[in-house]
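A.B. asks: Fold the following, please.
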Amino acid sequence: MSLMSKLLSTTLIATLSLSAGTSESDVKDYIKNHMVKNARIKVSSVDIIDKQILDNPKGWEVYFVNIHADVKKSPTVTDKVTVPETIFIKDGFAAPSLINMETGKDFKKELKPDLDSKLYDDKHLFAGNKNAKHKIVIFSDPQCPFCQEKVPEIYEAVKKNPDTFALYYYHLPLIRIHPVSDIIARVMLVEQEKGNFDKVIEMYAFKIAPNEVDVDKVLGKLNKEYGLKLTEKEIDTDEISKELKHDQKIATESMVSGTPTIYLDGKWDRSRNAYKEFAVKK
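C.D. replies: Okay, the predicted model is just below:
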């Protein structure tokens with residue numbers, strides 16, 4: 001999240017008062033006109049991504065929203081930012097978090113919005129049959145240790161059960177943690193375009209310093225280890241940059257910030273193992 005995004009997200013007041021019988025338009029109006037208490041920030045619009053009703057504790061509605069705002073950095077410079085927020089509403093009141101005082105369970109960390117079906121597009125179909133009953137969506141960074149363990153495992157399961165699963169893949173290189181991931185993701189995108197999906201998955205075993213940003217060094221090592229002949233010009237195209245920005249935008253809109261984030265049939269799979277219930281071992 002950018003500094004401006006953090007600035008916006010931390011200006012939310014702790015408890016909000018809304019009229020009883022709150023509607024989606026009430027939530028949008030309140031966020032747009034009253035939530036942000038900073039003269040440098042003007043909320044331009046609010047998108048409600050999803051709404052859920054909690055069974056326990058009862059009576060709480062959960063709104064997942066994207067707040068679009070203009071942030072004035074200087075008298076002549078204004079940034080446009082999109083900040084995802086989760087808002088809990090009950091009996092005309094709203095709060096930015098909901099915590100069980102007995103267990104310490106933070107519902108904000110436990111919940112995510114359901115995925116929009118638009119994410120099941122052919123361009124992001126990575127393995128399996130798009131008409132399969134079960135849809136898996138993965139947001140991943142190739143240098144994330146948990147991704148390196150889980151993504152190849154899921155990929156193999158989908159390959160063995162192509163009529164059961166469709167696997168959709170979105171690149172989310174966490175470049176603040178692993179700067180090298182930007183270069184690797186670009187190489188992966190080139191190979192995806194060629195249909196070399198097995199080669200892409202092999203790159204999850206690539207070993208290199210996470211802070212390495214020397215393109216010649218990283219690309220040379222990738223070319224040598226995976227039998228590639230790619231040049232910097234091939235991975236540094238407008239189209240590749242556009243694809244990475246698109247995937248990042250989808251992640252932001254879906255309120256995804258960490259990796260691997262995995263969904264099964266539109267529902268966040270916190271365990272990352274729910275697919276196993278439907279996979280046939282061969």
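A.B. asks: Could you pull out the helices in the stretch 151-282 of the chain for me?
C.D. replies: 181-193, 197-202, 215-226, 232-235, 238-253 (DSSP state H, counting those that start in this stretch).
A.B. asks: can you give me the strands in the stretch 51-200 of the chain?
C.D. replies: Secondary structure of the stretch 51-200 of the chain (DSSP state E, counting those that start in this stretch): strands located at 61-72, 78-90, 93-95, 125-128, 134-140, 165-171.
A.B. asks: Looking at those, which is nearest to N196?
C.D. replies: Taking CB to CB, strand 125-128 is the member of the strands of the stretch 51-200 of the chain nearest to N196, at 11.5 Å. Any C-beta I mention is one placed from the backbone N, CA and C, and that applies to glycine too.
A.B. asks: pLDDT on the closest one, on average?
C.D. replies: The average of the pLDDT scores along strand 125-128 is 98.
A.B. asks: Kindly point out the strands partnered with it and how each is oriented relative to it.
C.D. replies: As defined by DSSP bridges, the strand partners of strand 125-128 come to strand 165-171 (antiparallel).
A.B. asks: Hmm, I89 is touching V65, no?
C.D. replies: No: applying CB atoms under 8 Å as the test, I89 and V65 come out as separate, 11.3 Å apart.
A.B. asks: what touches both of these two?
C.D. replies: V27 (CB atoms under 8 Å, 6 or more residues apart in numbering).
A.B. asks: about what we covered before: from the helices of the stretch 151-282 of the chain, which stretch is densest packed?
C.D. replies: helix 181-193 (a mean of 21; mean count of other CB atoms under 10 Å).
A.B. asks: In terms of secondary structure, what does that one contact?
C.D. replies: strand 165-171, helix 197-202, helix 215-226, helix 232-235, helix 238-253 (3 or more CB pairs under 8 Å, 6 or more residues apart in numbering; DSSP states H and E).
A.B. asks: Relative to T22, which of the strands of the stretch 51-200 of the chain is closest?
C.D. replies: Short answer: strand 78-90, nearest of these by CB to CB, at 5.5 Å.
A.B. asks: quick check: angle from the closest one to strand 61-72?
C.D. replies: Put simply, strand 78-90 runs at 160 degrees to strand 61-72, going by axes from the mean of the first three to the mean of the last three CA atoms, to 10 degrees.
A.B. asks: who does strand 78-90 touch, helix- and strand-wise?
C.D. replies: helix 3-9, strand 61-72, strand 93-95, helix 107-110, helix 238-253.
A.B. asks: can you pull the buried residues of stretch 40-56?
C.D. replies: Buried residues in stretch 40-56, counted by 16 or more other CB atoms under 10 Å: R40, I41, V43, V46, I48, I49, D50, K51.
A.B. asks: care to break the protein down by domain?
C.D. replies: Following the assignment in automatic domain parsing, the chain carries domains at 3-110, 117-277.
A.B. asks: Can you flag the weakest of these by average pLDDT?
C.D. replies: When the domains of the chain are compared on mean pLDDT, domain 3-110 scores lowest, with a mean of 83.
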